[in-house]
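Mind looking at a prediction? Sequence and model below.
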Amino acid sequence: MIEIELSRFILVISVVVVIIEYYRTHRVTGGSLTPGYLSILILGQEWSLLVSVGIFTLITFLIMRLFVMRWFLLTKPWVYGTGVLVSVVAHSFLNITDSLVTLPNAFGLVLIAGLFVTPGLIAYDLTAQGIRKTTTEIVIITAVVCVICLPFALTDALPDTPIGNFTGRIEPDWWWIAVSAAVISVLALRMARGLATAGYIGAVFLVEVAFWDSLLLLLLCVIAARLIAFVSLQRFILTPRQKFQFSFLIGAIVTWTVIYWGNEWGWDAASRLDAFTLEPLVIAGLLVSDLGRNSIWRTILGVGSAVAFVVVQLLAVSVNPWVGAATAVVLFGIVLLLARDALTKLFASVGLAVDEGKLWRPNPSPASPS
């Protein structure tokens, strides 16, 4: 298994390479974190997970191209969100994690969550940017990251941090439920209401590591990183994507540094965070980016609401499956209510597309003579 510090190093290096490549070509890579995620799978020799990412990317892309993009006129944010949703639904329906994921709890959450979300991110860029450009960028950057990080994987150049013994709040068998609840609620909160949510899976990690001192330490990392990002980014003229990438990078580096030294100094709060490989870095980076684009209160409201959806769904499932199913229906109704205006416009776009001749529907069969 790949070491924790090496995984974090790969993530940071991959974001740096993505920033450089995007500055040079302005091409995207199926999400800024995707090359790093794939590099970790490759260097960690997690071949079954790597294959499953490819399979579900293909499934998601085909559904997007043959159905979603054919029957709906979607704005880019909705295409992006729909791609992630299709990927999550496909995973939940086929329950692939039962047969493919055999990783320990401390290392597995980010890989499983990535397995759910990453195919949707790649499928979106395949749809928006094109198959050749997107695939080429992903392959090139992943190869570059693997070449840079391979010497570190083959040597002891990085500290060998043992996997922590901390067990999170969420049962591993319920991760797919937590991820599904988070993604569906985030679509309503983020796409329809414009709230910040620490990405699609931020709520899952915050529930998983729900100890006040660990959450406080993570919050302090976010605040420090946000201040550094605010001062640093004032000196540059950047696109929104570049601001996201730099903010994420600063948040990840600050959090990695604090967790490493906090663990060395024996802080329990840091050791709990250290038990998870990439999640603290990813969530802190996403929160720093969210705070750069949203107000503090919209971020608190969005993240808090997403966490509430996940907690309520998991508590209901813990009672019994029937209560869990009933709660899922209620929560889904709340999601539809939150997203009502946006969904009304979305479905109205179908008729508009037909009227404009962008979609074709077969004419109804003539009525049979009576």
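Ah, there it is.

wait, what's in contact with residue 36?
Contact partners of residue 36, counting by CB atoms under 8 Å, 6 or more residues apart in numbering, are 10-11, 13-15, 18, 145. C-beta here means a position set from N, CA and C on the backbone, and glycine is covered the same way.

Mind checking what secondary structure it has?
helix (DSSP: H, G, I helix; E, B strand; the rest coil).

Mind pulling the model confidence for it?
Listed pLDDT for residue 36 reads 90.

swap in residue 56?
In this model, residue 56 is scored at 83, pLDDT.

all numbers from here: first residue = 247
From this message on, residue numbering opens at 247, which makes the last subject residue 302.

That one contacts residue 363, correct?
No. Between residue 302 and residue 363 there is no contact under CB atoms under 8 Å: 10.2 Å.

anything in contact with each of the two?
Common neighbours of residue 302 and residue 363 (CB under 8 Å, 6+ apart) are residue 333.

got the residue ranges for the helices in the stretch 397-546 of the chain?
421-432, 448-454, 458-479, 486-510, 514-520, 525-539, 542-565 (DSSP state H, counting those that start in this stretch).

can you put those helices in TSV and add mean pLDDT?
Shown next, in TSV, are the helices of the stretch 397-546 of the chain (pLDDT from 0 to 100):
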stretch	mean pLDDT
helix 421-432	84
helix 448-454	89
helix 458-479	93
helix 486-510	92
helix 514-520	88
helix 525-539	91
helix 542-565	92
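
how about these, which one is nearest residue 315?
Of all those, it is helix 421-432 that lies closest to residue 315, at 19.6 Å by CB to CB.

Just the C-alphas of the closest one, formatted as PDB.
Extracted C-alpha coordinates of helix 421-432, given in PDB (Å, rounded to 0.1, in the frame of the first residue of the first chain):
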ATOM      1  CA  TRP A 421     -20.100   5.200   2.700                       C
ATOM      2  CA  TRP A 422     -22.100   4.900  -0.500                       C
ATOM      3  CA  ILE A 423     -25.200   6.100   1.400                       C
ATOM      4  CA  ALA A 424     -23.300   9.100   2.800                       C
ATOM      5  CA  VAL A 425     -21.700  10.000  -0.500                       C
ATOM      6  CA  SER A 426     -25.100   9.700  -2.300                       C
ATOM      7  CA  ALA A 427     -26.800  11.900   0.300                       C
ATOM      8  CA  ALA A 428     -24.000  14.500   0.100                       C
ATOM      9  CA  VAL A 429     -23.900  14.700  -3.700                       C
ATOM     10  CA  ILE A 430     -27.700  15.000  -4.100                       C
ATOM     11  CA  SER A 431     -28.000  17.600  -1.400                       C
ATOM     12  CA  VAL A 432     -25.000  19.600  -2.800                       C
END
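
can you state the direction angle for it and helix 542-565?
Between helix 421-432 and helix 542-565, the angle comes out at 140 degrees (axes from the mean of the first three to the mean of the last three CA atoms, to 10 degrees).

of the contacts of residue 282, buried ones?
256-257, 259-261, 264, 391 (16 or more other CB atoms under 10 Å).

out of the residues you listed, what pair is the most spread apart?
Within the buried ones among the contacts of residue 282, 256 and 264 form the most distant pair, 12.2 Å apart (CB to CB).

so residue 440 sits right up against residue 544, yeah?
Yes. With contact defined as CB under 8 Å, residue 440 counts as touching residue 544 (7.3 Å).

Just the buried residues of stretch 569-583, please?
Within stretch 569-583, judged by 16+ other CB under 10 Å, the buried ones are 570, 573-574, 577, 581.

how many neighbours does residue 512 have?
8 (other CB atoms under 10 Å).

now residue 567
Using other CB under 10 Å, residue 567 has 9 neighbouring residues.

how near is it to residue 578?
For residue 567, the distance to residue 578 equals 16 Å [CB to CB, to the nearest Å].

related to what we said a few turns ago, tell me the one among the buried residues of stretch 569-583 nearest to residue 298.
With CB to CB as the yardstick, the closest approach to residue 298 among the buried residues of stretch 569-583 comes from residue 574, at 24.5 Å.

what sits against that closest one?
Residue 574 neighbours (CB under 8 Å, 6+ apart): 427, 559, 562.

Quick check: the first one touching residue 556?
Yes. Applying CB under 8 Å, one finds residue 427 in contact with residue 556, separated by 5.0 Å.

Looking at these two, which has the bigger crowd around it?
When neighbours are counted by other CB under 10 Å, residue 427 comes out ahead of the other of residue 427 and residue 556, with 29 against 26.

For the more buried one, which residues are in contact?
555-556, 559-560, 574, 577.

Would you quantify the distance from residue 428 to residue 577?
Residue 428 sits 11 Å away from residue 577, taking CB to CB as the criterion.

shared neighbours of the two, which are they?
Residues touching both residue 428 and residue 577 (CB under 8 Å, 6+ apart): residue 555.

Name the residues of stretch 467-476 that are buried.
467-468, 470-472, 474-475.

contacting residues around the residue nearest to residue 305 when sequence neighbours are not counted?
Spatial nearest neighbour of residue 305, chain neighbours left out: residue 336 (5.4 Å); criterion: CB to CB, 6 or more residues apart in numbering. Residues in contact with residue 336 (CB under 8 Å, 6+ apart) are 302, 305-306, 309, 365.
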